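> Okay, sequence plus prediction incoming.
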Amino acid sequence: MSTDSREVILGVGAGIAAYKSADLLRRLQDRGYLVTVVPTPSSLNFVGAATWEALSGRPAHTQVWENVHEVAHISLAQKSGYFIIAPATADLIARISVGRADDLLTNLVLASDVPKMIVPAMHPNMWNDPATKLNVETLRSRGFIVLEPDTGRLTGKDSGQGRFPEVSRIVTEFDEMTGNKQDFLGRKILITAGGTREAVDPVRFIGNRSSGKQGIALARSAQLRGAEVSLIAANMDSSSLDGISIINVESARDMQEALQNEFASCDVLIMCAAVADARPTAKLSQKIKKAFFTSIELEANPDLLAELSSQKSHQVMIGFAAETNDHIESARSKLKAKSLDIIYVNDVSGGAIFGKDVTHGTILLRNGEEIALKEVSKDALADLLLDYAIRQLG
Ligand code: CTP
């Protein structure tokens, strides 16, 4: 199993600062991370599993004895791209430094070899104790990033170094560890995804095979890179997207209306949706009986991308093309006809790609550059397209 850079394990130790990790969890989700919370058993005295489960939308286990058949300490460790433990108590730091594995969290630490960050929070006397100092040194020498706690007033009357750092500092340090670029901070990205449906009668429609997966990958990547993201979603499941504004539409004309409302304020438009080129002419309020269902008269839908290109000011425009033959020539002429900056052409001969996690095709740029992609994940394609978009935005 390969790791997923969006999957994060948030380990929670038994410190009063555990409640502050609820905010940390939210901030990570805002950045598009999918977070699994793994509390230590005693941390549940401070914040219960119900809170973590409600906030993360996932189970929050503490022991390897739960769901044993799933071998969670191995499968979770294998799929997660990053690890953050916040707060980490003196005891948790000690257990990790000697390689103990007496609960799910410490098992996971041993089983995973991805970058790990530890955010200590404890009384200054415990933080300054030679035993803790040595444990922290050991962990740092093994590649763990151990943050310095803040200095200030503690839960009781005492003050000193040991406070849980501000969540904004933790997130900044986390970004540094992940290499998360945040190059779209302050930019708005508008994405269309899925496939439009054109009503034939109240029960039937003309649709297409677009799953919306590429649009989800684009939305998540853009969010991870700091963009404000709006997704115009046509008949697809967008329930996995937190912190992204979703506008659900059905038909090409619904999408046209949503685009007209959103386009002027965006910096990048990515038209990933498969838009129906035509719609049934008749607007029927009753189902067509089988005896009369022999043909459907169609009229053309507007070309949404071409329409927006004529209204563009500073926007970078990215189109998608799905072709079964003459891929490059067809895509190049679409790029010109629709005044695009970038187009990605999918080879869909034989129905390949639809609903899959991988794609193969070619990125064409306005300046004539061509980047052929053999077989890449839709996530990787999303990142690559955003790299070209930011280059264009300057
Ligand atoms: N597109 C659009 N409005 C349409 C049809 C397509 O905005 N009515 C957009 C798609 O979202 C995509 C790009 O135009 O980004 C190319 O879509 P595609 O279906 O490949 O091209 P068409 O222009 O429809 O040409 P054809 O169907 O003849 O290949």
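The structure has been received and is ready for your questions.
> where do the helices sit along the stretch 1-150 of the chain?
When secondary structure is read from DSSP state H, counting those that start in this stretch, the stretch 1-150 of the chain shows helices at 20-30, 49-56, 72-79, 90-97, 104-111, 124-128, 130-141.
> Can you lay out these as a markdown table showing mean pLDDT, mean neighbour count and distance to the ligand?
For glycine as for every other residue, the C-beta is placed from the backbone atoms N, C-alpha and C. As requested, these are exported to a markdown table (pLDDT from 0 to 100; neighbours: other Cβ atoms under 10 Å; distance: least, Cβ to the nearest ligand atom, whole Å):
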| stretch | mean pLDDT | mean neighbour count | distance to the ligand |
| --- | --- | --- | --- |
| helix 20-30 | 95 | 20 | 28 |
| helix 49-56 | 98 | 17 | 34 |
| helix 72-79 | 88 | 18 | 32 |
| helix 90-97 | 98 | 22 | 49 |
| helix 104-111 | 96 | 22 | 42 |
| helix 124-128 | 97 | 16 | 55 |
| helix 130-141 | 98 | 14 | 49 |
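> Looking at the ones you listed, which is nearest to residue 225?
Each of the helices of the stretch 1-150 of the chain was checked against residue 225 via Cβ to Cβ, and the shortest separation belongs to helix 20-30, namely 12.6 Å.
> which residues does residue 85 contact?
For residue 85, the contacting residues are 10-13, 92, 96, 105, 109, 116-119, by Cβ atoms under 8 Å, 6 or more residues apart in numbering.
> can you rerun that using 10 Å?
Contacts of residue 85 were listed using Cβ atoms under 10 Å, 6 or more residues apart in numbering, and they are 9-13, 21, 38, 40, 92-93, 96, 105-106, 108-109, 116-120, 144, 146.
> now swap in residue 322 and tell me
Shown in contact with residue 322 (Cβ under 10 Å, 6+ apart): 208-210, 274, 330-331, 344-349, 353-354, 361.
> Among the residues you listed, name the least confidently predicted one.
Within the contacts of residue 322, pLDDT reaches its minimum at residue 353, with 64.
> Spit out the contact partners of residue 321.
Taking Cβ under 10 Å, 6+ apart, we find residue 321 in contact with 327-328, 330-335, 338, 340, 343-346, 348, 361-362, 364.
> Mind checking which of the residues you listed are buried?
Buried by 16 or more other Cβ atoms under 10 Å: 327, 330-332, 334-335, 338, 340, 343-346, 348, 361-362, 364, out of the contacts of residue 321.
> mind listing which of those are in strands?
Mapping the buried ones among the contacts of residue 321 onto strands (DSSP state E) picks out 343-346, 361-362, 364.
> got the phi/psi numbers for residue 387?
Residue 387 has phi and psi values of phi -60, psi -40 when expressed as degrees, to the nearest 10.
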